[in-house]
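1. below: sequence and its predicted model.
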Amino acid sequence: MSKSPIGHEKDPVIDDGVVTNDDVFEKEIINGSRGKKTAITFEGGGFSSVAIQTAVITGILSTMDDKTLVGSKLLDKFEILSSVSGGSWFISSLIYSGFSVSLIQRMAAKPDTACSLFDDEYFTPLLEYANEKKEESSELLKIMKMFPDFSDTLFGLKDSMTFFDLLVSKGGWREFISTLLSCTTGKDITADLKAGHPSQEWAKGKTWLCCHSVIAPTPKSMTGSAMMYVRDDYGIADAEGYYYSLEIDQAGISHFPQFLPAKFSLTLNGDPSLPAPYSYMASTVSSIITRGKFEISYFGTDSSHANTPDYGKFDAFMDQIGQIPVHDIVACSSAAFAGIIVHHAVEEVAEAITSFEVGANLGPQLACWAALTPDSSGTPFNVAATIQDPIWRKDQPVTKEQNEIIANASIIPLGDGALSDNTGIAHTVSLGATEVTSFVSWHSLKLLFNGVAESMKNVKKKNKGNQCFTKTGVTGFSCYQIFTFKDLPNGKSAYDFAKEKFETFMILTEKIEGITEAIRVGSLDVVTVDNMWFDIKKGQNVKLQLIMGGTTDTLGLGVGVYVDKFGRAIQHIVTGITKAQNERPEAFELVKSFFL
C-alpha cells in the first residue's frame, strides 16, 4: 500500500499476491481497528441541536472548578467529533470560533444569565442581519406583513419568515449557512475561512467527521432522477428540465438507497495541506458507483444527455479537504431540504415553491453541488457554482455544450446527514469507535435498530433491501440498521428491546410544557450487524452513552416558533443540571462520567 500521511488510503500494491505486515498495519490505523477509540456525536436538528448541546455542555461546565473547555478537560477524552446538520452548526463554532468558546464559558461562569447571553450573542446578530437584508419581492413575506398580529401571535412565524426571507435573498443554502455561521460566531467563521485553519486549543489533534449524504437517484432506487433546473415556459410546468442521475454497477443490488452516507473527515492540526484521514464513503459503496448522467428535457421529451467521468474514490474531497471553506462543509451536513431535488419530491412541492415567486430554481440550490474533477480555479463547491450560477441566477437555458461542461466537471449533489443517519454514530462505529457519547433523540436513534421497519408499517411509499430502508415524502430519507443486542430475548426485535431500555433512563432535567422535554441519560451495550453502506462488520461491541431529550419534540428545527424559546430552554436545562448535583445526584454523576 503506498504511503501517505495517516489516512489518505491509496490503492493497494500487491507483489506476487503478498500483502506485507506494514500494509495491514496501515490499513488498521486508517480503519480505526486497533485499540479503544472514543467518540462524541452531535445529532442534527437545526436550532434544537444547538440548544441542547449548548445547554448540556454549559451546565456541566458550570459545576466544575475550572469553567473553561481547556482547563476543565471536559472534551479531552474524545478522539473523534462527529456531527450532523444543526450539530455541525454547533461543533464547527466551538472548533473554529474563540467567540463561541467564550460564550459557552461565560454562560458557565454565570449560569443564571445563560438565556440572556445566548439570545444577545447568538440569535440577535442573526436576526438583525436578516432584517436588514429582507427580500421585499417575496410574496409570502408580503402576505405575512398584511396580517402581522395574526401571523406573529397565533403561529409564531415572524422569526421563521425572517430566516426564510434571508435564504431567498441569499439565493441558496450555501450562502445562507455562510451568513448564519458568520453572524452567530462574532464573524470568526467567515466565507473564506478554510477547514484547515487552526482550531481552538481544546480541539487540537482531534478528528472531525462532518456527516452528510450523497443524493443518489438510480434505476435501483425509489426515484430515478434529481432536478438541477426547471423552467416553466408558455404556462406549461417543466417545459424545460435538467436532471441528474447516478449510474451504478447493478450486479447483486436489489435496492439502492436514495441517500448514501458520506463524511468529510479532518484532522484538526492547522495544516491545510494534509489530506483527509478517512475515506469519504465506504469502499463497499464507492466501488459500486460509476458515474453521473445529466439530461436535458424539453416538454417531457429527452433531448440530450452527457455522462461524467468515473467518480472513483471522490479524491477531490480527500485531497482538498483543508482548502474547502468551513461553511461549505457545514452547509452539506445541514442541507435539510436537499431531498426535494429528487424528482418525485419536486412534483409534490414545485407548486408551493413557485406560487410565492421565490423562483423554481431555489429548490435545486437547497442542495449543495460539488465538482469532483480537479480544477485550479477553486474548491469543488466554487467550481460547481461558477458553472451552475448562470443557469440558476440568470435563468439561462441549458445548451448541449453547457451540459457537457457540467458533466465533465463531475458535479454531484450533496445533502443533510439526516437523510442517511441523523445521529452521526454510524460513521464513528465504522471507524472502530468502541465508546460513543451521543447527543441524540429517540426518533433518530431507533433507526439504527431498524426502528424504521416499525414506523413504516403503514406507509405505502417504502422500499427495503441490502441492509437499508428508503422512505419517500417531501424530502424522504434512507435508514440503515447497524445495531442489535447480544442478550436480545427470543422473539423480541432490537428496536423493541432498545425502546424498553430507553424508558428506564434516568431523568437529568424535567420538561417544561411547550419549551423542552425532559433530558434523560443512560447507556446501552450493543453489538454491530453487517452493513455494507457504512462498511460495518457484525460482532463489534460498542458502548453508547446517551444524552436524550431536549427541544426536538417541542420546538423542532425552529420553524414556526419564536427563537427566544430556545434561550429559555437553555436556561432551564443549565439550571436543571446545576440543581441535579443535589436533587438527582445519580443522574448527574452518570452524565458527568460520560465526559470525564
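-> Happy to help now that I have it.

2. low-confidence bits of the stretch 101-250 of the chain, can you list those?
-> Within the stretch 101-250 of the chain, the stretches with pLDDT under 70 are 133-162, 164-165, 168-170, 229-241, 250.

3. just the helices in it please.
-> Per DSSP state H, counting those that start in this stretch, the stretch 101-250 of the chain carries helices over the ranges 114-118, 124-132, 139-146, 148-149, 155, 158-170, 173-184.

4. mind listing what's buried along the first one?
-> Applying a neighbour-count criterion of 16 or more other CB atoms under 10 Å, the buried positions in helix 114-118 are 114-115, 117-118. In this view, the C-beta of every residue, glycine as well, is placed from N, C-alpha and C.

5. tell me the two of these that are most distant?
-> Using CB to CB, the two most remote members of these are 115 and 117, lying 7.3 Å apart.

6. per-domain residue ranges of the protein.
-> Split into domains by automatic domain parsing, the chain comes to 38-64+74-175+188-192+419-595, 214-416.

7. reformat these as a markdown table; add distance to residue 207.
-> Formatted as a markdown table, the domains of the chain follow (distance: least, CB to CB, whole Å):
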| stretch | distance to residue 207 |
| --- | --- |
| domain 38-64+74-175+188-192+419-595 | 5 |
| domain 214-416 | 6 |
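
8. which of these has the lowest mean pLDDT?
-> When the domains of the chain are compared by mean pLDDT, domain 214-416 comes last with a mean of 80.

9. OK, contacts around residue 569?
-> Residues near residue 569 by CB atoms under 8 Å, 6 or more residues apart in numbering: 51-52, 55, 512, 515-516, 550-551, 554-555.

10. and the buried ones among the residues you listed, selectable in PyMOL?
-> Buried members of the contacts of residue 569, defined by 16+ other CB under 10 Å, are picked up in PyMOL with:
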select buried, resi 51+52+55+512+515+516+550+551+554+555
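
11. correct me, but residue 525 touches residue 540?
-> No: the criterion here is CB atoms under 8 Å, and residue 525 misses it with residue 540 at 11.8 Å.

12. pick out whichever of these two has more residues nearby.
-> Taking other CB atoms under 10 Å, residue 525 and residue 540 do not tie; residue 540 has more neighbours (18 against 12).

13. just checking, that one touches residue 528?
-> Yes: contact status for residue 540 versus residue 528: in contact at 4.2 Å, counting by CB under 8 Å.

14. could you identify the longest helix within this structure?
-> The residue-count maximum for a helix in the chain (DSSP state H) belongs to helix 564-583.

15. how about residue 247: what's its closest non-neighbour residue?
-> Nearest residue to residue 247, sequence neighbours excluded (CB to CB, 6 or more residues apart in numbering): residue 290, at 4.8 Å.

16. list the buried residues for the helix or strand encompassing that neighbour?
-> Using DSSP states H and E, residue 290 sits within strand 289-298. Of all the residues in strand 289-298, those buried under the rule 16+ other CB under 10 Å are 289-297.

17. could you do stretch 529-542 as well?
-> For stretch 529-542, by 16+ other CB under 10 Å, it's 529, 531-536, 540, 542.

18. swap in stretch 370-380?
-> Using 16+ other CB under 10 Å as the test for burial, stretch 370-380 gives 370-373, 375, 378-380.

19. can you give the contact residues for it?
-> Here stretch 370-380 makes contact (CB under 8 Å, 6+ apart) with 308-309, 311-312, 314-317, 319-320, 323-325, 328, 332, 381, 383-384, 386-387, 408-412, 414.

20. pull out the buried members of the residues you listed.
-> 308, 311, 314-317, 320, 324-325, 328, 332, 381, 383-384, 387, 409-412, 414.

21. now, the residues you listed that are in helices?
-> 315-317, 328, 332, 381, 383-384, 387.

22. strands of the stretch 251-400 of the chain, start to end?
-> Along the stretch 251-400 of the chain, counting by DSSP state E, counting those that start in this stretch, strands occupy 259-267, 289-298, 301-307, 368-371.

23. take those and write them to a markdown table, including distance to residue 196.
-> Output for these, formatted as a markdown table (distance: least, CB to CB, whole Å):
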| stretch | distance to residue 196 |
| --- | --- |
| strand 259-267 | 8 |
| strand 289-298 | 27 |
| strand 301-307 | 33 |
| strand 368-371 | 17 |
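
24. picking that back up, closest one of the ones in helices among the buried ones among the contacts of stretch 370-380 to residue 212?
-> When these are ranked by distance to residue 212 (CB to CB), residue 332 comes first, at 4.2 Å.

25. just checking, the closest one touches residue 413?
-> No: counting by CB under 8 Å, residue 332 does not reach residue 413; the two are 9.8 Å apart.

26. shared neighbours, these two?
-> Contact criterion CB under 8 Å, 6+ apart; residues shared by residue 332 and residue 413: residue 368.

27. on that earlier part again, okay, whichever helix or strand comes after the longest helix of the chain in CSV with CA atoms only?
-> Following helix 564-583 in sequence order, the next helix or strand is helix 585-595 (DSSP H and E). The C-alpha trace of helix 585-595 is given here as CSV (Å, rounded to 0.1, in the frame of the first residue of the first chain):
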residue,chain,number,x,y,z
PRO,A,585,-27.0,13.0,42.1
GLU,A,586,-27.1,9.6,40.4
ALA,A,587,-28.1,11.1,37.0
PHE,A,588,-25.7,14.0,37.4
GLU,A,589,-22.7,11.7,38.2
LEU,A,590,-23.6,9.5,35.2
VAL,A,591,-23.7,12.2,32.7
LYS,A,592,-20.5,13.7,34.1
SER,A,593,-18.8,10.3,33.7
PHE,A,594,-19.7,10.4,30.0
PHE,A,595,-17.2,13.3,29.7
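
28. got a list of contacts for helix 585-595?
-> Contacts to helix 585-595, defined as CB under 8 Å, 6+ apart, come from residues 56, 60, 63, 74-75, 77, 437, 506-508, 521-523, 545, 547, 577, 580-581.

29. and if we set it to 10 Å?
-> Residues outside helix 585-595 that contact it (CB atoms under 10 Å, 6 or more residues apart in numbering) are 40, 56-57, 59-61, 63-64, 72-78, 435-438, 505-509, 519-523, 545-547, 576-582, 584.

30. circling back to that earlier point, quick one: which of the buried residues of stretch 370-380 is nearest to residue 477?
-> residue 370 (20.7 Å).

31. roughly how far apart are the closest residue to that closest one other than its chain neighbours and residue 414?
-> Leaving out its chain neighbours, the residue that sits closest to residue 370 by CB to CB, 6+ apart is residue 380, at 3.9 Å. Separation of residue 380 from residue 414 (CB to CB, to the nearest Å): 10 Å.

32. spit out the residues that contact the two alike.
-> Shared contacts of residue 380 and residue 414, defined by CB under 10 Å, 6+ apart, are found at 317, 328, 368-370.

33. okay, now residue 313: neighbour count?
-> 20.

34. how about it: what's its closest non-neighbour residue?
-> Nearest non-adjacent residue to residue 313, counting by CB to CB, 6+ apart: residue 286, 5.4 Å away.
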